[in-house]
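Model the structure of this input:
(one chain, ligands or ions: 1)
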Amino acid sequence: MTHDHALILREILRGYALPLHGDHGVVHWARVLENGVRVAAANGGDADVVRLFALFHDARRVNEDVDPGHGVRGGDLARALRGTLVHLDDARFDVLYEACALHTDGHTTGDPTLLACWDADRLDLGRVGIVPNPELLCTDMARELLPWAHNRAVAAHVPTEVLASWGMTPADSVRRRWA
Ligand SMILES: [Fe+2]
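Reported below is the predicted structural model:
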């Protein structure tokens, strides 16, 4: 069953505590998606899970700094939506959950989908003034993508096509809240 990402985003944002345009907000999620699908195409990761990771991994942050447990809370939200908006069998869901729960723990080995998710997020660290260390990336593809992804992170690139696929315009993404 295919996922309705626009409906998932709407559900996430109903309970999202931070400004949409924040460092960990919607445009970051969209760049994570674009990074992650490229890594997954190269390393055999599951692109559908990567797309869901982009939406859920920071969905239940409560601050823009160190926020212990936010990855687990994002995974828990995905779990709460299983059967309604999230349609993954147990094995694929477990990967999504683990990707969210562990995404700030610095791991560099594991299932290809996990690696694609974690690299996707790390490739966007330039938005908060951090140059990703290639040695702390998980995959060769992420190291190859680093100059491209880092430039986009620093420039606050807005992936309009991803936003459109989520039912959102660039103007929506800079609002403090979304209906
Ligand atoms: Fe993130």
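
correct me, but Arg60 touches Arg73?
Yes: counting by Cβ atoms under 8 Å, Arg73 is a contact partner of Arg60 at 3.6 Å. The way it works is simple: take the backbone N, C-alpha and C, and place the C-beta from them, glycine included.

So for these two, which residue has more residues nearby?
Set Arg60 next to Arg73 and count neighbours by other Cβ atoms under 10 Å: Arg60 wins out with 23 against 19.

Can you give me the distance of that one to Val32?
Remark: distance between Arg60 and Val32 (Cβ to Cβ, to the nearest Å) = 15 Å.

And for Gly22?
Distance from Gly22 to Val32, by Cβ to Cβ: 14 Å.

Look at the two and report which has more neighbours.
Using other Cβ under 10 Å as the criterion, Gly22 and Val32 rank with Val32 on top: 29 against 17.

and the more buried one, what is it in contact with?
Contacts for Val32 (Cβ atoms under 8 Å, 6 or more residues apart in numbering) come out as Phe53, Ala54, His57, Ala120, Asp121, Asp124.

rerun at 10 Å
Counting by Cβ atoms under 10 Å, 6 or more residues apart in numbering, Val32 touches 50-51, 53-55, 57-58, 103, 117, 119-124, 149, 153, 159, 162.
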